[in-house]
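Participant: sharing a sequence plus its predicted fold:
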2 protein chains.
Amino acid sequence: MSTNKLLLRTINGEKVDRPPIWLMRQAGRILPEYREVRASVENFVALVRNPELAAEVTVQPVDILGVDAAILFSDILVIPEAMGLPYKLVEKKGPIFPRTIESETDIENLIQGQKAAEELDYVYEAIKVTKKKLAGRVPLIGFAGAPWTLFSYMIEGQGSKTFSKAKKMLYQSPRASHQLLDKITESIIHYLKNKIAAGVDVVQVFDSWAGLLNADLYNVYAIPYLRRIVNAINEVPVIVFSRGAYFSMEELIDLNSNVVGLDWTMDPTRFRSQFGQEVIVQGNMDPCVLYGSMDLITSKARSIINALGGQHIFNLGHGVYPDTDPAKVKELIDYVKSYRYKRNKKISQGVDNE
Amino acid sequence: MSTNKLLLRTINGEKVDRPPIWLMRQAGRILPEYREVRASVENFVALVRNPELAAEVTVQPVDILGVDAAILFSDILVIPEAMGLPYKLVEKKGPIFPRTIESETDIENLIQGQKAAEELDYVYEAIKVTKKKLAGRVPLIGFAGAPWTLFSYMIEGQGSKTFSKAKKMLYQSPRASHQLLDKITESIIHYLKNKIAAGVDVVQVFDSWAGLLNADLYNVYAIPYLRRIVNAINEVPVIVFSRGAYFSMEELIDLNSNVVGLDWTMDPTRFRSQFGQEVIVQGNMDPCVLYGSMDLITSKARSIINALGGQHIFNLGHGVYPDTDPAKVKELIDYVKSYRYKRNKKISQGVDNE
């Protein structure tokens, strides 16, 4: 079986023939094969905690959809749980934390760093099982929630349109906020290092609620912690995806992570003209494009690939939505895999201009 | 009683001593006086439909907080209701439409234009009562939801994190989408004209869900309809507030509405350097700043005023959040009212440079 190194070669800045493609949330949600596995256990968290089954659903999109990378089936909230705040995932409502952080004592009592990361053996075990199943076919991505996003759940206790309780803490208690962000960051770093030791080839940090802040807050309460993570992880490439953080794009690029994720609101052409051709980016098709016709899907995919050029990992700009037709996803993947970059364009343009 | 014309003078581009201030959602939510009135009726919609009480809560923030403008207490969803889709507001959940648009026949059957606008006599009556109560003290703002935002509720039937059903319609059925947006736009125009005839001095169009689209979609499914509204309303100034639409900021400015609303994610300094000093803007303090200390509030307010300069209406970058302390709001308002622009700065700089 041949080894697909397209993702890693793209991240290394090598010349490749086409962008690699994988989709956020490709493991889970859309595949009937996933739903079958999901139905065999009591709840979502039980699936996350079962290494054999987590590995099975991680590999499904590689087998069924033909993506260029696997991403370990897991949840960003395993870190708050390992730090001492367990949660439930309530169908159609999202995560609920029975206990949240309400005082400095609560922050002091949190488990942190390697001690928190040690709680997550089932994740490292799932990585080992997955690596065996993949047998080198595609690289395996491991992920973690970003400090601000985990902070916001640990304060708020559930999803929110505004996360105003978490933002209130930033404005009211900067010192305690930094203290909590520090503990979360240390835990994330140990967690990612353990994941790397267990075998993941790339890590991605998801800052899902970045867009609720602004440059004022993001550059103080998120960027420094992301920087600490990026600086600490040297073993494998790091992808940073901050959804909605258009206002801190320069700061995100300056982190010098290996790849910057773009959400679907970011115009690819404008991104390149503002931030240059060199940044390796991942994204950023609107997941809702997958509701459209094949013509629409290929035309949107083509224009993103053309705009972003060779330094690009194709992905959606958000996780694939649950009601997406897997056949459409497969067609998108096949289209991107059939795409070939035009070569020597620069040279022929040079000739034209003489 | 003296007449406060600061808002209208600022919109007219006159030199003023300080920015006028009012807050989105100032009528309702935060004032105990509002909650008392709200408790006297069965539900939120009953309050919206009661001209005497709607007028009473509209005037409350003028009396209690001292804002420079009143905004009529109402709801953006009165238009879908007038078009034939009634809704309920469920506490802590948001609006629910028992029936939604599911077919082209549903679109054809909608009430539209002046016929829909005529259903909203209680709003025009509330304006007349409010104008009497205000007795010219401050101008009265009337508002409407923008076509895309109303469209998204009429398709989705309730709030959503992604509004993926509404976006699916844009990608799957462009023709039907335009047909529905057209009907909504016609209804909004008639509604706003009736409001103006009843006495409002300024109108604001709220595109609350703009940020779920991107430039691709927004410039096709939102901007042209906003343009139609802006072009149709010549009687009074128009404020357009598209939350999250940073990707279409140029197009929003090119609408040539009188004022462009900025949400809290938009950096004021960067806005001025990218889009110039001339655009009259409204905004954009993060509502969560009001959870902070008075020092924090005044320092954030000052830096926004300094960055945005004289062409500025002070406001939050989102509606004031329900758990905000009215005393803090009052202190913010007093601070902005005590602020004075520095004059002759240009001249003295000229002298310095000689």
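Facilitator: Sure thing, it's come through.

Participant: show me which residues of chain A sit near chain B.
Facilitator: A:159, A:161-162, A:164, A:167-168, A:170-172, A:211, A:213-217, A:244, A:246-247, A:264-267, A:270, A:286-289, A:291-293, A:296, A:300, A:318, A:321, A:323 (Cβ under 8 Å from any Cβ of the partner chain). C-betas here are computed from N, CA, C, even on glycine.

Participant: try it again with 7 Å
Facilitator: A:162, A:164, A:167-168, A:171-172, A:211, A:214-215, A:246-247, A:264-265, A:267, A:286, A:288-289, A:291-292, A:296, A:321 (Cβ under 7 Å from any Cβ of the partner chain).

Participant: restrict those residues to the buried ones and give me that as a PyMOL selection.
Facilitator: In PyMOL, a selection of the buried entries from the residues of chain A next to chain B looks like this (16 or more other Cβ atoms under 10 Å in any protein chain shown):
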select buried, chain A and resi 164+167+168+171+211+214+215+246+247+264+265+267+286+288+289+291+292+321
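
Participant: in helices, which of the residues of chain A next to chain B appear?
Facilitator: A:164, A:167, A:168, A:171, A:172, A:215, A:296 (DSSP state H).

Participant: so the fourth one makes contact with residue B:296?
Facilitator: Think residue A:171. Yes: Residue A:171 lies in contact with residue B:296 (Cβ atoms under 7 Å); the separation is 6.3 Å.

Participant: joint contacts of those two?
Facilitator: residue B:289 (Cβ atoms under 7 Å, 6 or more residues apart in numbering or on different chains).

Participant: for the stretch 251-354 of chain A, what spans make up the strands?
Facilitator: A:259-261, A:281-285, A:312-316 (DSSP state E, counting those that start in this stretch).

Participant: can I get the ones in helices among the residues of chain A next to chain B in CSV with pLDDT?
Facilitator: Formatted as CSV, those follow (pLDDT from 0 to 100):
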residue, pLDDT
A:164, 96
A:167, 98
A:168, 98
A:171, 98
A:172, 97
A:215, 98
A:296, 98
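
Participant: and the furthest pair within those residues?
Facilitator: A:172 and A:296 (46.7 Å; Cβ to Cβ).

Participant: give me the below-cutoff pLDDT ranges for the stretch 251-354 of chain A.
Facilitator: A:344-354 (pLDDT under 70).

Participant: switch to 80 and redo it
Facilitator: A:343-354 (pLDDT under 80).

Participant: who's in contact with the closest residue to residue A:95 other than its chain neighbours?
Facilitator: Using Cβ to Cβ, 6 or more residues apart in numbering or on different chains and skipping the chain neighbours, the partner closest in space to residue A:95 is residue A:87 (4.9 Å). Contacts for residue A:87 (Cβ under 7 Å, 6+ apart) come out as A:77, A:80, A:81, A:95, A:96, A:97.

Participant: how does it look with 6 Å?
Facilitator: A:77, A:81, A:95, A:97 (Cβ atoms under 6 Å, 6 or more residues apart in numbering or on different chains).

Participant: ok, residue A:200 to chain B distance?
Facilitator: 28 Å (Cβ to the nearest Cβ, to the nearest Å).

Participant: how much space separates that residue from residue A:37?
Facilitator: 21 Å (Cβ to Cβ, to the nearest Å).

Participant: the two - which one has more neighbours?
Facilitator: Neighbours were tallied for residue A:200 and for residue A:37 using other Cβ atoms under 10 Å in any protein chain shown; the higher tally belongs to residue A:200 (26 against 19).

Participant: tell me who's in contact with the more buried one.
Facilitator: Contacts of residue A:200 by Cβ under 6 Å, 6+ apart are A:127, A:140, A:142.

Participant: reformat these as CSV; add neighbour count and secondary structure.
Facilitator: Converted to CSV, these look like this (neighbours: other Cβ atoms under 10 Å in any protein chain shown; DSSP: H, G, I helix; E, B strand; the rest coil):
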residue, neighbour count, secondary structure
A:127, 25, helix
A:140, 25, strand
A:142, 26, strand
